[in-house]
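# sequence below, structure please.
(one chain, ligands or ions: 1)
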Amino acid sequence: MEAISGKTVQNVFRTQDCQPNRQLETCHRRECCSFGRRSTYPLFWSKLACAGISAMQLYTLRTHQISLGKRACVYCNAVQFVSAASAFEKVDFQKLQNGSDIRGVAVAGVEGEPVSLTERVAEAIAAAFAAWLCDRKKSDGSRPLRVSIGHDSRISAQTLQDAVSRGLAGAGFDVIQYGLASTPAMFNSTLTEDEDVFCPVDGSIMITASHLPYNRNGLKFFTNAGGLGKADIKDILERAAIIYDNFSNDALKESELAVSAAVRKADYMNIYTANLVEAVRRAAGNIEKPLEGFHIVVDAGNGAGGFFMGKVLEPLGAVTSGSQFLEPDGLFPNHIPNPEDKAAMRALTQAVLENKADLGIIFDTDVDRSAAVDSSGREFNRNRLIALMSAIVLEEHPGTTIVTDSVTSDGLTAFIENKLGGKHHRFKRGYKNVIDEAIRLNFVGEESHLAIETSGHGALKENHWLDDGAYLMVKVLNKLASARVSGSGCGSKVLTDMVDGLEEAEVAVELRLKIDQNHADLKGGSFRDYGEAVLKHLENMITSDSKLNRAPVNYEGVRVSGHGGWFLLRLSLHDPVLPLNIEAPSLEEAVKLGLAVLAAVKEFAALDTSALDKFVQGL
Ligand SMILES: O=P(O)(O)OC[C@H]1O[C@H](O)[C@H](O)[C@@H](O)[C@@H]1O
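Numbers count the residues shown, from 1 in each chain. Okay, here's the model as predicted:
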């Protein structure tokens, strides 16, 4: 985690908005809208987005709520712009896309990282999501469309929640705020049937930037069909850019007024966690406290996952003393909440050993990822976590296909296929990619029940293909509890035994080789094209080395086996980086693989190979 100076901390709450200074000529027309009662405004915006109407021609339509459920008349205020110039700082909305999420800098104070996710930007994106949703869902007339909002522990959470609420309320939506929540809970709120917590919602927004540093934040979107994909996010950002460019002072004020009528608060985490508790009780044969006598520590890294101790483990009877960093603190003062972070895993392991616990559980900031540690301090992380989850799922669904990301080991394939009798389908990196691939396989007739990444994202068919770190841990707890009930084992040894036979490489490294986007060698092209050229060249070089073999089936980058191990060079999903994974039985053999890559890539001047240089020199 970056060091945070006192000055930075003072700065972090200074918001980023600039005040509009443009002259507006407003003309309010009050009229009853004869079309779509609640969806008027978003639909209008979405049409604008598609038609590319100029700001000179714009009229914003605004629907207002009179009272919940009793809105006899919807009226529109038309605000005519006299200037096409945006009142706010120019924003490149497409740059905020991070795969199927939106991510940006939300807090000022870090040098070289100007704020990009301002309140106004967030408001425009929320209004754009409303427009997008209106194109897909129609209100049945009994109530307005509604969207739930949750957030993780970041210090910009509250400000962004307010902005997102304004964007939705201004679009005529009902807004249900859940406060501190997990990403998977937000998806669940689109499925739950419970009017007490205003569910099901028509859409849901989670405000989070996962494990990124404290100054970042972002948005994830859900409907009852799951998380939105890349194309949806692109669409929403295109709409948001138009909305933002045409914001007026009056429209913004009206959103502020609309908020108080539109916002409801609900404790949805109670419902979500009760379902998790119920799942473990059911698996143990409806015992009230199936974890009685188990000592389990939780490390939430000061993210949103602290609920797991008090609302899941304790009702199930587990002893939880020694759990740590459960209080939400968006400056993440202890370690980054991220199972991929070595310091985070060390902290959990230490807590398990010091407390002589049976199991340790760790979550990322928004609880869509998790990992565990057994009583001896061995990690269930990366390939070992996938092996454990595969063993659990294959017991329930013999022969099923396990879909994983591309950086999984050859040892994992052997374990899944030879020991467990399943099929390993190694696909691409990216949680959305593996989930979508598992759904596709089922669709074409190949049964798959688990899609899981080495990052700790894992989704089960039985849980609506939702990547839910808490649900993964519930499956682990089910195993612990049911093994004791059936007398087949006690403590985390049950779990450790399940991954017995998984071969793990002596050396496993990931080196991230940066592409300098400003380097002349790119010749004005994109880093992606450059990266592809590096990969093509590597592929050609490999064919002339008899000790190396390209993987016969491969979906991403160049994967090669040789010297008793393997390597994969691929393009990062998001960054101008070529990540290189090497696994081998010894350092010597890993270096041989590294040298083969180095020989092929060294002529690419814009590629920073210093990490690989150091590795092959044994530094
Ligand atoms: O391609 P990389 O830079 O290694 O990043 C890949 C990772 O990006 C994000 O963090 C996604 O949430 C992960 O699902 C994905 O695995």
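
# nearest to the ligand: which residue in the stretch 151-300 of the chain?
S210 (6.4 Å; Cβ to the nearest ligand atom). Backbone N, C-alpha and C define where each C-beta goes, glycine included.

# any idea how many residues pack against that residue?
By the other Cβ atoms under 10 Å criterion, the neighbourhood of S210 contains 25 residues.

# show me what contacts it?
Residues in contact with S210 (Cβ atoms under 8 Å, 6 or more residues apart in numbering) are D101, G218, N338, D364, T365, D366, D368, R369.

# I'd like to know which of those residues are part of helices.
Among the contacts of S210, no residue falls in helices (DSSP state H).

# of those, which belong to strands?
When DSSP state E is applied, the contacts of S210 are split such that D101, G218 fall in strands.

# from the contacts of S210, pick the one nearest L353.
Checking the contacts of S210 against L353 with Cβ to Cβ, the nearest one is N338 at 20.6 Å.

# any idea how far the closest one lies from I207?
Relative to I207, N338 is positioned 18 Å away (criterion: Cβ to Cβ, to the nearest Å).

# rewinding a little: make TSV out of the contacts of S210 and add pLDDT and neighbour count.
As requested, the contacts of S210 are arranged in TSV below (pLDDT from 0 to 100; neighbours: other Cβ atoms under 10 Å):
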residue	pLDDT	neighbour count
D101	95	22
G218	98	24
N338	97	24
D364	98	31
T365	98	28
D366	98	30
D368	97	31
R369	98	28
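
# now do stretch 185-200, average pLDDT.
This predicted structure assigns stretch 185-200 an average pLDDT of 96.

# do you know how far the residue nearest the centre of the chain is from G377?
With distances taken as Cα atoms, centre = their mean, S210 lies nearest the centre of the chain, 6.0 Å away. Spatial separation of S210 from G377 under the definition Cβ to Cβ is 26 Å.

# and what of E340?
Using Cβ to Cβ, one obtains 18 Å as the distance from E340 to G377.

# looking at these two, which one has more neighbours?
Higher neighbour count among E340 and G377: E340, with 18 against 13, using other Cβ under 10 Å.

# model confidence for the nearest residue to that one once chain neighbours are set aside, exactly?
Closest residue to E340 in three dimensions, ignoring its sequence neighbours and counting by Cβ to Cβ, 6 or more residues apart in numbering: S455, at 5.7 Å. We note a pLDDT of 97 for S455 in this prediction.

# and S455, how many neighbours?
S455: 25 neighbours (other Cβ under 10 Å).

# does it touch D405 like I think?
Yes. Assessed by Cβ atoms under 8 Å, S455 is found in contact with D405 at 7.3 Å.

# got a list of what V115 touches?
V115 sits in contact with Q16, G104, V105, A106, V107, A108, where contact means Cβ under 8 Å, 6+ apart.

# number of nearby residues for the fifth one?
Taking other Cβ under 10 Å as the neighbour definition, V107 ends up with a count of 26.

# state the mean pLDDT of the helix or strand hosting H425.
With secondary structure defined by DSSP states H and E, H425 is part of strand 423-426. In this model, strand 423-426 carries a mean pLDDT of 98.

# what stretches of the chain score poorly on pLDDT?
Along the chain, the model assigns pLDDT under 70 to residues 1-87.

# how's it carved up into domains?
Partitioning the chain according to automatic domain parsing yields domains covering residues 6-266, 271-498, 507-616.

# and the longest helix belonging to the chain, what other elements does it pack with?
Selection of the longest helix in the chain by residue count, based on DSSP H, yields helix 469-486. On a contact count with 3 or more Cβ pairs under 8 Å, 6 or more residues apart in numbering; DSSP states H and E, helix 469-486 meets helix 183-188, helix 268-283, strand 359-363, strand 370-374, helix 382-396, strand 458-460, helix 493-498.

# can you lay out these as CSV showing mean neighbour count and distance to K428?
Written out in CSV, the entries for these read as follows (neighbours: other Cβ atoms under 10 Å; distance: least, Cβ to Cβ, whole Å):
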stretch, mean neighbour count, distance to K428
helix 183-188, 28, 21
helix 268-283, 19, 29
strand 359-363, 30, 24
strand 370-374, 26, 21
helix 382-396, 22, 15
strand 458-460, 27, 15
helix 493-498, 18, 27
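
# nearest to D250, out of the ones you listed?
The closest of the helices and strands packed on helix 469-486 to D250 is helix 183-188. By Cβ to Cβ, the value is 31.7 Å.
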